[in-house]
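Peer 1: What shape does this take:
(2 chains)
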Amino acid sequence: MSLTAETPTTTDQDEDAGALPDLLYSEVEEDLRASVRALLAARSPWDAVLARTESDERTDTDLWARLGTELGVLGLPVAEDDGGAGASWREVAVVAEELGRAVAAVPFLGSAVTATAVLGRLGADELLTALAGGRSTVALAVPFGRLSGTAPQATCTRTGDAVSGGVRSVADARTADVLLVPTDDGALLQVSTDQPGVTRTPVVSLDETRPLVDLVLDGASGSVLATEAADAADAVAYGTTVAAAVLASEQLGVAEWCLQSSVSYLQDRRQFGRTLASHQALRHRCADLWVQVTQARAVARYAAACAAEDSADLAVAASLAQALCSDVAVRAAEECLQLHGGIGFTWEHPVHLYLKRATSSALALGSPHAHRSRLARLVDLPAPTDEEPA
Amino acid sequence: MTAPQTPAEARRLVAAFLGDHDPAGPDALAFLQARFDAGLARPSWPEGLGGLGASSALNGPVDDAFAAAGAPDNRPHSNIIGLGMAAPTLLAFGTPEQQARWLRPLWTHEDVWCQLFSEPGAGSDLAAVATSAVRDGGDWVVNGQKVWTSLAHESRWALLLARTDPRAPKHRGLTYFVCDMDAPGVDVRPLRQLTGETEFNEVFLDGVRIPDDQRIGDVGAGWRVTQATLMNERVAIGGATPPREGGPIGTLAQHWREHPEDRTAGVHDEVLRLWVDAEALRLTSARLTQQLLAGQPGPEGSGAKLAYAQLAQRASAAELAVLGGEALRYDDWTARRPVVGDLAERTPGFRFLRAKANSIEGGTSEVLRNIIAERVLGLPGEPRTDRDTPWEDLPR
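Peer 2: All right, here's what the predicted structure looks like:
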């Protein structure tokens, strides 16, 4: 039998294929990946990550410092004049992939992605330089579950330069020395955490490799980064959109680890006198997962490329990437667990770290459902109106 | 001629060719023959055989450049087996004489090709084919029955897999031939599908004589040649990337926009999921093309057919759900031959029914999962008892 004319690859039109950005990895990106992977293998093996989830120091500050000093990957998209590497969000996404593959406990997404994008958008060069140089770790004080690409729902008030209020479930803020705080008058302030008016209460988090805090500000002094509500809203929307785009690559790394781990385990484990891998029912699940991972890779690369080019399609690409890669990473972790059987349900096996990271990442910056609703508006596939048809 | 490296270089060659050959001229066949002789038929094919030895990623841009100039095309959708399977097989395994004999009229659409592979008793287990080919002087005499043969009724030539040694284990007793569909003893009968159409055929072979110079590859090497043909069928490499919403999602999305009265919450979520999956498949295909252009062929193509089948089936089912009562109407149950390219004009019921074949034709989704698991992920195959037993001793 044959494929017929309606297969996707035989479509005649090629109009925007030429317009699609490069979805591959460059040699420079592969070199970067190798360095990050080597550092993580040496400094962040999974059993150390697991032990850290029950220690007092949830954030791996030593690894974080090495990412800055040894690899210089904390300011990749920042211009060289501002102390960065003058690279782009593409390279940032490659680092995120490797950090996801290792479920590393560092505030990369919050500081090197979200805060970097917000500060870059506002032209806050001084703080950006400190961040890129590893001298400052910065967190955006917005609930981690808040849908990306939206203006913040400020829960803090400002009186002059003093900020008061609370923000629930902020990620990557435990070791931050600077918070970016939206206030209800539409401003955005930078607030040092090294003052009595700032309290960070650790939250028992679904993913303790990226633990949350509840933030309370009581007359904390800050300095204004943006007073115009439009500027602050734009910067937060932009920063979280870039974060959503890059998070997809982290999710890809999680999914790739889960697939690889499943394939290895099926080849090792014997039951009924043969390897699990020789059972077709199990092999087919790996094959399906592999197809999904290849799609996640293409979509995540597209999102990173759109961020790098500041493409007009960035909002679509970011929500597409979150809608797809969230589901793929969770599915990969769930399959990995099931294919491991009982050992996969134990504390001593790493798969639960990946399941928790995948699940919390799917809910972060908006659930896949929320991103599909966003896409409905962006690509004109509107929801039904709440009326019985006439 | 140096092989072009980029789409821009390829387009310059097309422009030069068009300077010497009027695309609006009266003799379309002569134009296509000249295009073949200039190496611009398929730039990825070898020099002297319709190509320039370039990357297959340049084939699409060259086709596009000719189309943009209004040049006649070789109606590729009407010779999909010839272009997609016969040509790559001839290029890989044919003798220079066979390549020179068949490739040019194949590409210009003078000759349509089909494949005589599947049999009633050999579907997914293709290596079990029972059609026999027995040597008789300079010829082979072929007897058997083939099935699921698209285009057999229009074809001049067929790729044929036949058993030449029933005493050998099944994969080792096969030989690959090119069969003349006009030869005595070839009987093509239409096979009707559940859509009402007769897209496929049964082909009965009764004492058909095939000269030995129409054998492709060595006697007994038919399975290896077949594997290559099937990979070309399944791995649609280097095809043009469709625009956003260019696949089965397009009809559905358009209807959703134009008919607010048909929108429901449950289907809305499915439409959005399909939009996401369609775009993911499109970007995956685009990435595969980029890998080819960069000289890094990846295995992602094996997943494309699997994902496409799932998408087409879900999208066509969602279309029925959106249409509701209107989808109760079908357009045509008569036993007609299909019209290439009319899928969008048919009723949604037809798309729904036809999509059921997507996960069966050209390798079932289950076989494709085996291929991914074994060849891409390196997982071992099922324990088997049929590999080393002579074919004639296997239970049937």
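Peer 1: Can you name the residues of the stretch 51-200 of chain A that neighbour chain B?
Peer 2: The stretch 51-200 of chain A comes close to chain B at no residue, as judged by CB under 8 Å from any CB of the partner chain. The way it works is simple: take the backbone N, C-alpha and C, and place the C-beta from them, glycine included.
Peer 1: need the helices for the stretch 51-200 of chain A, in chain order.
Peer 2: Remark: helices assigned in the stretch 51-200 of chain A by DSSP state H, counting those that start in this stretch are A:61-69, A:89-101, A:116-122, A:125-132.
Peer 1: can you give me the mean pLDDT across the first one?
Peer 2: Spelled out, that is helix A:61-69. For helix A:61-69, mean pLDDT is 97.
Peer 1: between the helices of the stretch 51-200 of chain A, which gets nearest to residue A:335?
Peer 2: helix A:89-101 (16.5 Å; CB to CB).
Peer 1: which other residues reach the closest one?
Peer 2: In this structure, residues lying in contact with helix A:89-101 by CB atoms under 8 Å, 6 or more residues apart in numbering or on different chains are A:25-26, A:28-29, A:32-33, A:36-37, A:40, A:67, A:73, A:76-77, A:85, A:106, A:108-109, A:112-113, A:242, A:245-254, A:256-257, A:300-301, A:303-305, A:307-308, A:357.
Peer 1: what about burial for these, which qualify?
Peer 2: A:25, A:29, A:32-33, A:36-37, A:40, A:67, A:73, A:76-77, A:85, A:106, A:108-109, A:112-113, A:242, A:245-254, A:256-257, A:300-301, A:303-305, A:307-308, A:357 (16 or more other CB atoms under 10 Å in any protein chain shown).
Peer 1: Now intersect those residues with the helices, please.
Peer 2: Within the buried ones among the contacts of helix A:89-101, residues falling in helices by DSSP state H are A:29, A:32-33, A:36-37, A:40, A:67, A:242, A:245-254, A:256-257, A:300-301, A:303-305, A:307-308, A:357.
Peer 1: okay, the helices of the stretch 51-200 of chain A, which one's buried deepest?
Peer 2: helix A:89-101 (a mean of 27; mean count of other CB atoms under 10 Å in any protein chain shown).
Peer 1: and it with helix A:61-69, angle?
Peer 2: 160 degrees (axes from the mean of the first three to the mean of the last three CA atoms, to 10 degrees).
Peer 1: Let me see the mean pLDDT of helix A:89-101.
Peer 2: On average, helix A:89-101 scores 98.
Peer 1: Okay, now the sheet partners of the top strand by length along chain B, with direction.
Peer 2: Secondary structure assigned by DSSP state E gives strand B:200-211 as the longest strand of chain B. The pairing partners recorded for strand B:200-211 under DSSP bridges are strand B:139-147 (antiparallel), strand B:186-191 (antiparallel).
Peer 1: Contact partners for the residue most central in space within chain A?
Peer 2: In chain A, the residue lying closest to the centroid (CA atoms, centre = their mean) is residue A:247, at 2.3 Å. Contact partners of residue A:247, counting by CB under 8 Å, 6+ apart, are A:96, A:109, A:113, A:321, A:322, A:325, A:361, A:364, A:365.
Peer 1: ok, back up a step: highest mean neighbour count out of the strands paired with strand B:200-211?
Peer 2: Mean neighbour counts for these (mean count of other CB under 10 Å) peak at strand B:139-147, with a mean of 21.
Peer 1: Off-centre distance for it?
Peer 2: 22 Å (CA atoms, centre = their mean, to the nearest Å).
Peer 1: these two touch, right, residue A:223 and residue A:190?
Peer 2: Yes. Using CB atoms under 8 Å, residue A:223 is in contact with residue A:190, at 5.6 Å.
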